[in-house]
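Peer 1: quick one, structure for this:
(one chain, ligands or ions: 1)
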Amino acid sequence: MSREGTSSGVRQQIEQLRRELRRHEHQYYVLDAPEISDQEYDALMRRLMALEQEHPELATPDSPSRRVGGAPREGFRQVAHSAPMLSLDNALNEGELRDFDRRVRELLRDAPYRYTAELKLDGLSLAVRYRDGVMVEAVTRGDGRVGEDVTENARTIRSLPLRVENGLDEFEVRGEVIMTSRAFERLNTQRDQLGLPRYANPRNSAAGSIRVLDPGVTASRQLDFFAYLLMSKGELVEASHWGSLERLKAMGFRVNPERILCDSLDGLLGFIQKWEEGRDTLPYEIDGIVAKVDSIAQQVQLGWTAKAPRWAIAFKYPARSAVTLLENIEVQVGRTGTLTPVAHLRPVTVSGVTVSRATLHNEDEIERLGLAIGDEVEVLRSGDVIPKVVRVVTPGEHRRPFHMPANCPVCGEQVARAEGEVASRCINPDCPAKLKETILHFASRGVMDIDGMGDALVEQLVDRGILRSVADLYQLTAEVLAGLERMGAKSAARILRGIEESKKKPLPRVLTGLGIPFVGERTAQLLASEFGSMDALMAADVETLQNANEVGPKVAQSIRLFFDGAHNRELVERLRAAGLQFTHAVEKKAGGPLTGKTVVVTGTLPALSREEAHAMIERAGGKAGGSVSKKTSYVVAGDKAGSKLEKARTLGIPVIDEQELRRLVGADPAATGLGEAAGE
Ligand code: IVH
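Peer 2: Have a look, this model is predicted:
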């Protein structure tokens, strides 16, 4: 394989990086115990990818770089399973579980036996084959006998090892591919922003994500894999199921920790009850528990029916849905002016909780569900807290279709829906609904942390015309507060203290607090490090903004639009006058090698992310600039550098690469940059 001229040094470096990445993946995705930051991990990955690109002869299918998704495919190959992938028989209540247990006891002729009980994860099953320790094939269940080859996509699942050191020479692992509730919510939020229909549940989106033709898409979906079966040459290995799970764990697979070994049906029933009550605390959805006779010898003795093993059963939890009447659809106005339709339901109990409201997200979602007021609908409570309407059960006789109002239900101003967006928004910047939400958001924990500034107070302050913008918070006095209902001197003092304290909150919090559409906590953080000050950010054009790390055209435009508004500019100036933090204090080395120098980073650097390079520059006493001007001292250019590089050339500004930057700041050019990035 090796091409003449590949130095063994490069080979060693690549191997070393792969080993490190594998170890960190296992720490992070399997053990949930990361040792390095995401940025550090990304830096290692970028370095590996750069080396592999330079030396394609050293690429291997088990390299962690394959996690990011290769080239799209034309279709999926059909693959026969080594042994049928059957499903499980269900027990829907205690009686059916007792029947199952009785059958097991009879077939085993009263010999002692135990059950392993596990969670029944709500995803899709996948069979993954390894040869000589390397993942070679991943196949979906399909019809149970023949499935689809989704190997390239499965490689992007970080909790699925691409290589196993202490395995058997040839083996197959079966398990469940899932999407966590968080990844699911994030995906749907993204889809809203792109104007695409939402996925109905994490199971569907996991299934959809594993069956896309472009592995890059699968990679972006952040799926997870939990192993529950280990086979070799079509047979189960190990003497017990529990032992097999332990072995899988030792081999580096993610095995669900919520499992027990029980001697009796009572133990099983306890486990079932525990997770029926506790399922909301899990970061993913389950639809029941699975009980398996633990001894593999006894499993063989019990055997299979044509459909399912006789040694296992799935206890299914009752669906957490109910059918009720959709009485009305009300429209709420949020902070960014987004109009959200909310279902008003005839109150109904869904697994112990009374539900009378459910979010409908947006107009398209209502259309997708074919909902009209007066319909009988199914309401579902899933892992998260907000119930949702999932379908129409019976269309109402006198059903009334829903239309997004043309005017804001709060201020009466016009409502607009931008092209390509699913959200309709109230265009009035002074809409009181927006204002209340904006103030609550600004004052909330994690943003400006103004203790005591809750719903009731904001409502009064806005309704009485005392607060017309968040800047008015900084004009509040003890006298004004004293004039409000239910406001003692003590609470007033606490609120004023909170307002005073908020002036010390760092720039990323202020940026988050402004409520610029699409600028959340993380983006605000990135923008603050990238631009260093409110002024630099306000001055940046769309192109400069777009060159910032993780900022796409939509976010860039939204920021520009925000700061172009006279109203918003005035707000910012008033906040400045109030004494809020408008610069981002980055630790600088006094008299460092880059003191007095402005350095602009552009394009993709081989090992450092944009943020890491900026942090490196700032620690050396320099200023990390957002755009190139005559005052720029250096431009650090990486791969795909565009207009900034061109501008540097026209202006005659020295252009350097990452290595040169490291030399300038006095870092070891051979280092991966990890030491520099740490401590963020
Ligand atoms: S064992 C022959 N264990 O539930 C045994 N299945 O209806 C095969 N599932 O197709 C399955 N969690 O997709 C097993 N801990 C678990 C499971 C599990 C979820 C799924 C799996 C299977 C279906 C059974």
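Peer 1: and the gap between the closest residue to the ligand within the stretch 451-600 of the chain and residue 185?
Peer 2: Proximity to the ligand, evaluated over the stretch 451-600 of the chain using C-beta to the nearest ligand atom, is greatest for residue 522 at 32.5 Å. All C-beta atoms are positioned from the backbone trio N, CA, C, and that covers glycine. From residue 522 across to residue 185, the span is 15 Å (C-beta to C-beta, to the nearest Å).
Peer 1: which of the two has more neighbours?
Peer 2: Counted by other C-beta atoms under 10 Å, residue 522 and residue 185 do not tie: residue 185 has more neighbours, with 15 against 11.
Peer 1: before we move on, the earlier item: which strands or helices does the helix or strand containing the residue of the stretch 451-600 of the chain closest to the ligand pack on?
Peer 2: Counting by DSSP states H and E, the element that carries residue 522 is helix 521-531. For helix 521-531, the packing partners by 3 or more C-beta pairs under 8 Å, 6 or more residues apart in numbering; DSSP states H and E come out as helix 507-514, helix 534-539, helix 610-619.
Peer 1: let's see 10 Å
Peer 2: Here helix 521-531 is seen to pack against helix 507-514, helix 534-539, helix 542-547, helix 553-564, helix 610-619, strand 623-625 when contacts are counted using 3 or more C-beta pairs under 10 Å, 6 or more residues apart in numbering; DSSP states H and E.
Peer 1: and the residue of the stretch 451-600 of the chain closest to the ligand, what is it in contact with?
Peer 2: Applying C-beta atoms under 10 Å, 6 or more residues apart in numbering, one finds that residue 522 lies in contact with 508, 512, 550.
Peer 1: the closest residue in space to the second one that isn't next to it in sequence: neighbour count?
Peer 2: By the measure of C-beta to C-beta, 6 or more residues apart in numbering, the closest residue to residue 512 outside its immediate chain neighbours is residue 524, 4.3 Å from it. The burial count assigned to residue 524 is 22, neighbours taken as other C-beta under 10 Å.
Peer 1: quick one, grab the pLDDT at the spatially most central residue of the chain.
Peer 2: Most central residue of the chain, judged by C-alpha distance to the mean C-alpha position with C-alpha atoms, centre = their mean, is residue 183 at 3.8 Å. Here, the pLDDT recorded for residue 183 equals 90.
Peer 1: now it: which helix or strand?
Peer 2: Here residue 183 sits within helix 181-194, counting by DSSP H and E.
Peer 1: thinking again about what came up before, how about the contacts made by the residue nearest to residue 512?
Peer 2: Listed by C-beta under 10 Å, 6+ apart, the contact set of residue 524 reads 447, 506-514, 516, 537.
Peer 1: residues of the stretch 1-150 of the chain that sit close to the ligand?
Peer 2: Counting by C-beta under 6 Å from any ligand atom, the stretch 1-150 of the chain comes close to the ligand at 86-88, 118, 120-121, 125.
Peer 1: which ChimeraX command selects the buried ones in those?
Peer 2: This is how ChimeraX selects the buried members of these, with burial counted by 16 or more other C-beta atoms under 10 Å:
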select :86,88,118,120,121,125
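Peer 1: give the closest residue to residue 504 in space, chain neighbours not counted.
Peer 2: residue 581 (6.9 Å).
Peer 1: with residue 343 instead?
Peer 2: Using C-beta to C-beta, 6+ apart and skipping the chain neighbours, the partner closest in space to residue 343 is residue 358 (4.4 Å).
Peer 1: quick check: the one you found touching residue 377?
Peer 2: Yes. Residue 358 is in contact with residue 377 according to C-beta atoms under 10 Å; the separation is 8.6 Å.
Peer 1: which helix or strand contains the residue in the stretch 101-250 of the chain that the ligand sits nearest to?
Peer 2: Closest to the ligand within the stretch 101-250 of the chain is residue 125: 3.3 Å, counting by C-beta to the nearest ligand atom. Element membership of residue 125, judged by DSSP H and E, is strand 124-131.
Peer 1: other SSEs contacting that strand?
Peer 2: On the basis of 3+ C-beta pairs under 10 Å, 6+ apart, strand 124-131 makes packing contacts with strand 134-140, strand 146-148, helix 151-154, strand 170-178, helix 202-210, strand 224-232.
Peer 1: again, only using 8 Å
Peer 2: strand 134-140, strand 170-178, helix 202-210.
Peer 1: after the helix or strand where residue 646 lies comes which helix or strand?
Peer 2: Using DSSP H and E, residue 646 falls within helix 643-651. Taking DSSP H and E as the definition, the helix or strand that follows helix 643-651 towards the C-terminus is strand 655-656.
Peer 1: pLDDT-wise, which helix or strand of the protein ranks last?
Peer 2: helix 674-677 (a mean of 32; mean pLDDT, DSSP states H and E).
Peer 1: name the residues of stretch 268-284 that are buried.
Peer 2: Within stretch 268-284, the residues that qualify as buried are 268-269, 271-272, 275-276, 279, 282, 284, counting by 16+ other C-beta under 10 Å.
Peer 1: pick out the most distant pair among these.
Peer 2: Across the buried residues of stretch 268-284, the two members that end up farthest from each other (C-beta to C-beta) are 269 and 284, 23.2 Å apart.
Peer 1: show me the contact partners of the helix holding residue 646.
Peer 2: With contact meaning C-beta atoms under 8 Å, 6 or more residues apart in numbering, helix 643-651 is reached by 543, 547, 600, 602-603, 627-630, 632, 635, 637, 654-655.
Peer 1: ok, and the most crowded of these?
Peer 2: Within those, most neighbours by other C-beta under 10 Å means residue 600, with 27 neighbours.
Peer 1: go ahead and confirm that one touches residue 635.
Peer 2: Yes. With contact defined as C-beta atoms under 8 Å, residue 600 reaches residue 635; the gap is 5.0 Å.
Peer 1: what ranges of this structure fall below the confidence cut-off?
Peer 2: When the per-residue scores of the chain are filtered using pLDDT under 70, the ranges that remain are 1-6, 32, 69-74, 167, 383-385, 585-590, 611, 667-680.
Peer 1: need the residues of it near the ligand, please.
Peer 2: When proximity is defined by C-beta under 6 Å from any ligand atom, the chain lies next to the ligand at 86-88, 118, 120-121, 125, 176, 228, 290, 309, 312, 314.
Peer 1: buried stuff in the helix or strand that contains residue 662?
Peer 2: Element membership for residue 662 (DSSP H and E) is helix 658-665. Judged by neighbour count using 16+ other C-beta under 10 Å, the buried positions of helix 658-665 are 658, 661-662, 664-665.
Peer 1: got these as a markdown table, with distance to residue 152 columns?
Peer 2: Output for these, formatted as a markdown table (distance: C-beta to C-beta, whole Å):
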| residue | distance to residue 152 |
| --- | --- |
| 658 | 30 |
| 661 | 35 |
| 662 | 35 |
| 664 | 41 |
| 665 | 39 |
